[in-house]
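J.: What would the 3D arrangement of this be:
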Amino acid sequence: MNTNLSNAQTYEAERQRAEFLGELNPAKMAFLSSISHEFRTPLTLILGSVEEILQSQDCLNFSQREQLTVAKRNSLRLLKLVNTLLDFSSIEAERIQAVYEPTDLATLTIELASMFRSGIERVGIQFIIDCPPLPEPVYIDREMWEKIVINLLSNAFKFTFKGQIILSLRWVSHGVELEVQDTGIGIRAKEIPRLFEQFYRAPVETCHGTSVQGRNYQGSGMGLSLVKELIQLQGGTINVTSVPGQGSCFKVSIPSGYSHLPAEQVNLRPPNSPGVTHLTPSNTMTTYLDEVKSWSAETDVVVEVQQMPPPQLPLPQILLVDDSPDLCNYVQRLLSKKYQIKAVNSGLAALESIREEKPDLVITDVIMPELNGFELLQILRHDPDTQRIPIILLSARAGENALIEGLEAKADDYLIKPFSARELLARVRSILEMTRLRQEATIREQELINTKARVIDILESITDGFLSLDHQWQLTYVNGASERLSGKTREELLGRNFWDIYSHLLGFKCKEKLRQVIQTQVADHFETCLVEDNLWYEVHVYPYEQGLAIYWRDITKRKQAELTLLKSEERLRVALKSAPITLFNQDQTLRYTWVHNPTLHQSDQEIIGNTDFELLPQEGAARLTQLKRRVLETGIGTREEVPIFSQGQQYYFDLTIEPLYNPNHEIIGITCAAVDISDYKRIELALRQSETQATARAEELKTFMETVPAAVWIAHDPQCHQMTANRAAHELVQLPSGSVVTATPEDGSYPFEFKIQRRGQDIPPEDLPMQQAGRTGENIESEFEFVFENGEVRFIYGRAVPLRDEVGEIRGVIGAFLDVSDRKRVEQEREQLLIREQAAREQAEMTNRIKDEFLTVLSHELRSPLNPILGWTKLLQTRKFDSQGTARALETIERNAKLQTQLIEDLLDISRMLRGNMVLHKQPVNLITIITSAIETFKLAAEAKEIQVRFEIAQNSGFSSLLIYVLGDETRLQQIIWNLLSNAIKFTPPGGIVEIYLKSGEDQVQIQVKDTGIGINPQFLPYVFDYFRQQDGTNTRKFGGLGLGLAIVRHLTELHGGTVSANSLGENLGATFSVQLPLMKSVETCPGEAMPNIGTSLKPPPAQNPVINSINLTGLRVLAIDDQAETRALVESILTQAGAQVKMAGSAQEALLMIQEFSPDVLVSDMGMPDMEAYIFGDEVRNRSSIPVIGLTANPEETKGSLTRDTRFQIHLAKPIVANELVACVATLTHRLRNSAI
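T.: Numbers count the residues shown, from 1 in each chain. Have a look, this model is predicted:
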């Protein structure tokens, strides 16, 4: 129940409070309206009176007019603030009356903005006005629009110091937009929501933590709030975007038309009436413009110094800091009579001025742009150079808290605005006086401190110990020297009783002396010894009013030096008695008065009283007398080396002569010391002669070193750290003279850019000949190589010998080295020549052996077919056989003849290969056709041995099943396949398998022949394609052949741009031969010259053509020319049987004569006639007639070489002659058989 009662009471209190506040708000509005009117009345009277006085031209002087101008300017500013309050009260009371008229808003805005241009651009800021004409008038209250534009431009200029201000007006779809954009200090994001609140002012700090950077910090915080209210009265809106440090943009939107406005406040003017009249500045605008001009003036003239006539004494300097020019001028007038005044308008300008010249007093306003008064105060107080400058703070904030805040900030005084002139003058005078007194006291205190410091510095710098005692014998000061002498620190000594510390050091004598000085007050000094430590001290005691001052120092070293001197004098006396030195004195007449340790075998009695002329030879006496007389006359001593000849012997003395003085410092004679150096001079002379000889020997050695062709190194230590070398050595290692020439310098590095090797292996530097000789003490002889970076190699031979000193120790090494590269190269060439000769001999022996084996095989192979030929020939001649027997005999003879022909063809092919004369006739060749033809050729032979022959084309080859082309010679490619297939069948036992594979890559085709035959020994595989080589001699006897087939295969394959290889797992494991040939992608790419030229040289038609068997040559005249009768008879028989009329000639000359008589249709001529070259014969025939010529040659290559392109011979036939081919060729040339029919 209590709780409910309490809640009811609280609720009732809140309700009453809300009613009170609701009643208070109208009262406040009424009060603001009333007080604003009350303020305006006296302001109006003041402004009126001031303006009337200012308008009078004669009654005011300059100073009076300036003061009245200040009064007018500040009255106008006060009027602006009053008007703002009145506007707010009218807006909140909803009593403000607006008149909305159609207005040329662009023109009005331009005129308003133009009034700010001079003030803005005067401070270096670019002012851009972008207000293009609008399509229609805009309904606004002109006075309100004036306040909106003026406030926004004033704010932009106030917070912008560089860059630009842009005012733009644009027509948009819903009306117009006004933008005021600047590049000023910007606004923090969290401040923007409250920016348009009444009386709200953004905090002093920006996002960077420094004071807000405005040109002036004066203001009530109502400007933007009023702008927002005025814009809302126009039916518009305002928003702002800003980036701290980059600038802000205020955007105002005003809708077009007037439907959004109160109808009773809209003034519709005739359409033709002007939209705006010429703008006349009102009091409000004048106030703003004056404020802008004052900011511009502050920028132009930051510092105003009151000029005063120079006084007799310098006046105190006061720095005045305030952003209000009027207040600055006012304070200057008050203080300038007694002080030098310097005024600045910001805290930063004040800091700069203080750094240039420190003032005696700083008077600063609290609220300022850039750097406020409190921040300026903190900076000055934290700087040791400025922390003593007195500072007075000026502020409009009254009250005890404001005063306490200022004093806590370490200000010397805090003056509240408004203040009276007397109060300001009194406080300035008081603070300056107090500052002067503090400065004088500080100076006196500092002088005393400096004096004391100088005295202490002096006492600390002396090497003598210093103590001060009071009357109770207490130590009041000790210097650093006393600390060192006593072995105790200053903290251990000060305040202690003197006798507790030093009585055992200074002894009983010191105690008595100190008491005596205290009693007599007379200074004293004495020396005392500390017997226990054998230390001596010299003590000086001085009395003064507060006690005693004691100087003391350790003189132990001096005492020891005195004792040492006494002992030294004693030793000198003893030494003089035994030293080889003669001492003597002579008077002014140069007679000897005293002699110690006489020389020249003379006694004291013989010398004293005599002169040098009476004791020595004339020449020596004159020289001595001259020297001694000069010393007597000048008083300057001398030391000379004097030669003296006495008693037939030459002596040398090192003579020192000094003047001898009496107590009055008068020269009374001379004192001399003479040392007999005769032995040294003789030794010196011998050394000089030896040195001369050594120099000559060194020069000879140097000349020898530079002229000898050998490279010579000399090491000056056993480790060869330091070495010298002659010119030849530098040239040998390709280094300039003066370079490092040792491979083992002391730092352990390797300085050369070349390598030192022996038979290709690097030699460590420590194992080089000279280093090894220095280490072992043995003579070292060695050969090695220098390998340079450019690949050059020099072979070096040399010898190193250790050098020993007089006791046999190694002191260095000498080495001589020769470049034996030429000799080495000759030796290497000789060795290489010997190796080549041995290889050639072995090759020749192998060739002879192979040749012998080949000739044996050749003899067997040639004789084997001759046996059945001759046997059956003999039988046919001696016996009669029936037709079947005769046919069998002829078949046997023909088969063996063909075998012998094939052997000859192989030999001719090898001959052409070895000479490089083999020529290919390339054309597109279908490999499948060649392979199938070869298989068909050897089918019977394979079937006879029951060997399976398989042919397979790889499935991924991309070939047509019938067309695979390569560019080559069809005959030679067929020869390759036949040889490989023949070998496979030959060396495969019955029942075996021979497989042929055809496959390809991208640009290669591979033919692989694989068998299951006798295989190949792995050791013979490298030689399987060599000429005349066979794996085993038994093969020749068993299988026949000359061992040329595979050699021909390799050569023909390489001529076609391919490769061939053989592989076998071993004997009886079969063999595989692979041929790689370039693949021809299309037949059309075959070059044209690969096809035979039928127009110039015809190819003989194949003999097996059935058409040839029916050729009839009846009526044709043929002239046959050959130097062999058998060949002529064979040609005559063949052609006669074909129906031709044949005549024979045994020589070329005979044939030429018979051509005219016989007039043949065709000539058949041997191309190897002994009496005339074939070419000459052909030319002769061509010159006489156009008879076609068939050439017969025993060299089949001529049928395929350059002769086939020679038009002298239309057809070339190789011997042995095939009857059908000869008949066909004759028929072709005489058109009895067309080439196209073959």
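
J.: Identify each buried residue in stretch 406-422, please.
T.: G406, A409, A411, D412, D413, Y414, L415, I416 (16 or more other Cβ atoms under 10 Å). For every residue, glycine as well, the C-beta is placed using N, CA and C.

J.: meant to ask about stretch 485-495, not that
T.: L485, S486, L493.

J.: Can you tell me the closest non-neighbouring residue to the first one?
T.: Once flanking residues are discounted, L485 sits nearest to G465: 4.7 Å by Cβ to Cβ, 6 or more residues apart in numbering.

J.: So what are the sheet partners of the host helix or strand of F645 and their directions?
T.: Secondary structure assignment for F645, by DSSP states H and E: strand 638-646. With DSSP bridges as the test, strand 638-646 is paired with strand 649-661 (antiparallel).

J.: Can you give the contact residues for the strand it pairs with?
T.: 585, 600, 624, 627-628, 631-632, 635-645, 667-678, 680-681 (Cβ atoms under 8 Å, 6 or more residues apart in numbering).

J.: Narrow these to those that are buried.
T.: For the contacts of strand 649-661, a burial check counting by 16+ other Cβ under 10 Å picks out 585, 600, 624, 627-628, 631-632, 642, 644, 669-674, 676-677, 681.

J.: Just the ones of those residues in strands?
T.: Of those, the ones assigned to strands by DSSP state E are N585, V642, I644, G669, I670, T671, C672, A673, A674, D676.

J.: ok now do the residue nearest to the spatial centre of the chain, which residues does it touch?
T.: In the chain, the C-alpha nearest the mean C-alpha coordinate belongs to E753, at 26.4 Å (Cα atoms, centre = their mean). Neighbour list for E753: F788, E789 [criterion: Cβ under 8 Å, 6+ apart].

J.: C-terminal to the helix or strand of the chain with the lowest mean pLDDT, what's the next element?
T.: Least confident element among the helices and strands of the chain, by mean pLDDT, DSSP states H and E: strand 304-305 (a mean of 40). Using DSSP H and E, the helix or strand that follows strand 304-305 in sequence is strand 317-321.

J.: Which neighbouring elements make contact with that following strand?
T.: helix 325-335, strand 340-344, helix 347-356, strand 361-365 (3 or more Cβ pairs under 8 Å, 6 or more residues apart in numbering; DSSP states H and E).

J.: for those, which one sits closest to K251?
T.: helix 347-356 (32.2 Å; Cβ to Cβ).

J.: Next, the buried residues of the closest one.
T.: Per 16+ other Cβ under 10 Å, helix 347-356 contains these buried residues: G347, L348, A349, A350, L351, S353, I354.

J.: And for stretch 428-446?
T.: V428, I431, L432, T435.

J.: In space, what's closest to the last one - neighbours in sequence excluded?
T.: Looking back up the chat, that one is T435. Excluding the flanking residues, the one nearest T435 by Cβ to Cβ, 6+ apart is P390, at 5.0 Å.

J.: With the second one instead?
T.: Spatially, and ignoring its direct neighbours in sequence, I431 is nearest to P390 (4.9 Å; Cβ to Cβ, 6+ apart).

J.: was I right about the one you found contacting S430?
T.: No. Look at P390 against S430 with Cβ atoms under 8 Å: they stay out of range, at 10.1 Å.

J.: Show me the strands in the stretch 151-300 of the chain, by range?
T.: 164-172, 175-182, 237-243, 247-255 (DSSP state E, counting those that start in this stretch).

J.: Now tabulate those strands in CSV and tack on mean neighbour count.
T.: Output for the strands of the stretch 151-300 of the chain, formatted as CSV (neighbours: other Cβ atoms under 10 Å):
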stretch, mean neighbour count
strand 164-172, 18
strand 175-182, 20
strand 237-243, 15
strand 247-255, 20
